[in-house]
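1. can you look at this prediction? I've put the sequence above it.
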Amino acid sequence: MIRQDSTTVSQWAIAMQLKNLISDHVDRMEKMLAEPKKCYFKASMPTSYEQLHNLISERLLHLHAETKRIIDANKPDFQVLGLQNQILKHIANVHEKSQKIFKNNNIGTEEKVSQLRNIIKVNIEKLKEDNQNTVIELEHARPTYSSRVLFIAAELGNTRFLVELIRLYPDLIWKVNDDNQTIFHIAVKHRHEGIYSLLYEIGAMKDLITPLKDPQLNNMLHLVGKIAKQKRLDDVSGFALQMQKELLWFEEVKNMIPPSYREKVNKDGLTPHELFTKEHKDLLTQGEKWIKGTASQCMVVSALIATIVFGAAFTVPGGYNQTSDDKNGQHNGIPVFHSKAYFWVFVVADAISLSLSCASLLIFLSILTSRYAERDFKEKIPNKLISGLLALFFSIMTMMVAFGVSFFVLYHKGLKWMPITICVFAALPVLLYIWLQYRLFFDVIRSTYLSKRLFKPKKHFLYYENPKA
């Protein structure tokens, strides 16, 4: 069994809290520099400088309060205290220099704003550099396991083994490999829903795990932005549904990761969504071809069924009554067997089949004329596909019902074994359709309508709901 020193793990967790706090502070201050008018100009303030100065003071107070809260709640070692000292030094420098500018009456408001923004820029860059160096030292001080059983199990998707291991050694959720990735990052990379769903059971700790970056600055959302291995894609029928599965994964991880990390760029300068679009470009094209081919073939079948049942509506079993009416001397043209119950079953089934075949024809036509945008593969196109296939299935079924019942109309007085035999054979195309298409039906329904349950655990795995003492 693998055991990790609990002290090392706890110190790393404290460091990650401070690191995330610094990152959030840096992001807000950089946004303040990038959009000065939107961030600090308000007509209610005497000058834009005073507004900027107040915003900086608020950010420094918030940073100091959060740092104190984290440190007071734990027992940090000297490395974690190094991060604290960086934060306090940053606060002191910015506060001291901003106060000097504020008290200087020899310069104008615009010059004060310019100098204050320059102070923010210089100190933010210094804080980022010092923070990165300290985190690197922490990472080198922490043992990593790139080829041990823990990460092999995560790569293979052995959820049960990992659950039992984490129950014995809860600190294993913090363990990282040489690429600074936890078992949850490995699960996302290899698309293992069972392991990934364990994130829902660790509470707020997930916010310290999901933002971790590898040497290429890829966070968890970048990892899911990369296309899955072909073996995992082949678990789903058709390129369009494979694209849908990838979109569902991306949306799930996007909702899991802290909002401030959703637009972070990696070393290639790509955000997670940009990386997703780049990696899935070929799959998107293949999905479009697959869905168009499927829709075209189904349209042919729908058109044939519509033609058949439309003709059957005017060639009813037994024909029409051509005898003259004694009262008015005209042919009444009423079907011969119109008083029979089987005849009305035939008429209703034929009408339903015609309506459904026409509906499926229009649905598949709308699929062919879709835009095939990336987001359309998540719900819009799959919903149309399942609706078209269901309409086609029931049109085939009602067509065969009409076909079988027509023989009961003709042979209602005798030879009943003949229509019964014909009905048995008429059921074969329906059963064949179910056998050939059930996998596609199942995949579409599961991906489209059961996706909310895909990533969430069905029961408590890591922690028992009512633990015994």
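-> In hand now; what should we look at? It should be emphasised that the depicted structure is a prediction, and the values quoted were computed from it without experimental measurement.
2. count of neighbours near residue 69?
-> 12 (other Cβ atoms under 10 Å). (Glycine included, C-beta is placed from N, CA and C.)
3. so how far is residue 63 from it?
-> 11 Å (Cβ to Cβ, to the nearest Å).
4. where along the stretch 101-250 of the chain do the helices fall?
-> All helices of the stretch 101-250 of the chain, identified by DSSP state H, counting those that start in this stretch, fall at 109-141, 149-156, 159-168, 183-189, 193-196, 206-209, 220-225, 230-233, 239-256.
5. and if you look at the stretch 301-450 of the chain?
-> Counting by DSSP H, counting those that start in this stretch, the helices of the stretch 301-450 of the chain are 341-368, 380-410, 417-449.
6. quick one: closest of the ones you listed to residue 240.
-> Set against residue 240 and scored by Cβ to Cβ, the helices of the stretch 301-450 of the chain come closest in helix 380-410, at 6.3 Å.
7. give me the buried positions along the closest one.
-> By 16 or more other Cβ atoms under 10 Å, the buried positions in helix 380-410 come out as 380-382, 384-389, 391-409.
8. low pLDDT regions in the stretch 101-250 of the chain?
-> 102, 131-148 (pLDDT under 70).
9. ok, 90 please
-> Applying pLDDT under 90 to the stretch 101-250 of the chain picks out residues 101-180, 193-194, 197-215, 228-242.
10. check the stretch 301-450 of the chain too.
-> Across the stretch 301-450 of the chain (using pLDDT under 90), the flagged ranges come out as 308-350, 370-379, 382, 386, 393, 396-397, 399-450.
11. one more time with 80, if that's ok
-> Within the stretch 301-450 of the chain, the stretches falling below the threshold (pLDDT under 80) are 312-344, 406-427, 429-430, 433-434, 437-444, 446-450.
12. so how far is stretch 188-201 from its chain's centroid?
-> Going by Cα atoms, centre = their mean, to the nearest Å, the spacing between the C-alpha centre of stretch 188-201 and its chain's C-alpha centre is 13 Å.
13. buried sites along it?
-> Applying 16+ other Cβ under 10 Å to stretch 188-201 flags 188-199, 201 as buried.
14. likewise for stretch 56-73?
-> For stretch 56-73, by 16+ other Cβ under 10 Å, it's 56, 59-60, 63-64, 66-67, 70-71.
15. just stretch 290-305 next, same as before
-> For stretch 290-305, by 16+ other Cβ under 10 Å, it's 290-292, 294-295, 298-299, 301-302, 305.
16. adding distance to residue 313, write the residues you listed out as a markdown table.
-> As requested, the buried residues of stretch 290-305 are exported to a markdown table (distance: Cβ to Cβ, whole Å):
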| residue | distance to residue 313 |
| --- | --- |
| 290 | 35 |
| 291 | 32 |
| 292 | 32 |
| 294 | 29 |
| 295 | 26 |
| 298 | 23 |
| 299 | 21 |
| 301 | 19 |
| 302 | 17 |
| 305 | 13 |
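17. now intersect those residues with the strands, please.
-> Residues from the buried residues of stretch 290-305 lying in strands, with DSSP state E as the criterion: none.
18. now, the most widely separated pair of those?
-> 290 and 305 (23.0 Å).
19. now residue 116: how far from residue 57?
-> 11 Å.
20. now, the buried residues of stretch 56-73 that are in helices?
-> Counting by DSSP state H, the buried residues of stretch 56-73 place 56, 59-60, 63-64, 66-67, 70-71 in helices.
21. which of those lies closest to residue 348?
-> Residue 348 has its nearest neighbour among these in residue 66, at 70.5 Å by Cβ to Cβ.
22. excluding covalently adjacent residues, which one is nearest to the closest one?
-> residue 21 (5.4 Å; Cβ to Cβ, 6 or more residues apart in numbering).
23. what is the neighbour count of that neighbour?
-> The number of residues near residue 21, taken as other Cβ under 10 Å, comes to 19.
24. mind checking pLDDT for it?
-> Looking at residue 21, its pLDDT is 75.
25. confirm it sits in a strand?
-> No - applying DSSP: H, G, I helix; E, B strand; the rest coil, one finds residue 21 to be helix, outside a strand.
26. now the common contact residues for residue 116 and residue 57.
-> residue 98 (Cβ atoms under 8 Å, 6 or more residues apart in numbering).
27. circling back: tell me the one of the ones in helices among the buried residues of stretch 56-73 nearest residue 176?
-> Nearest to residue 176 among those, with distances taken as Cβ to Cβ, is residue 70, at 20.8 Å.
28. gap between that closest one and residue 171?
-> Following Cβ to Cβ, the distance that separates residue 70 from residue 171 is 19 Å.
29. do residue 421 as well
-> Taken as Cβ to Cβ, the spacing of residue 421 relative to residue 171 amounts to 70 Å.
30. and residue 214, by the same measure?
-> Taking Cβ to Cβ, one finds residue 214 at 21 Å from residue 171.
31. alright, calling it a day.
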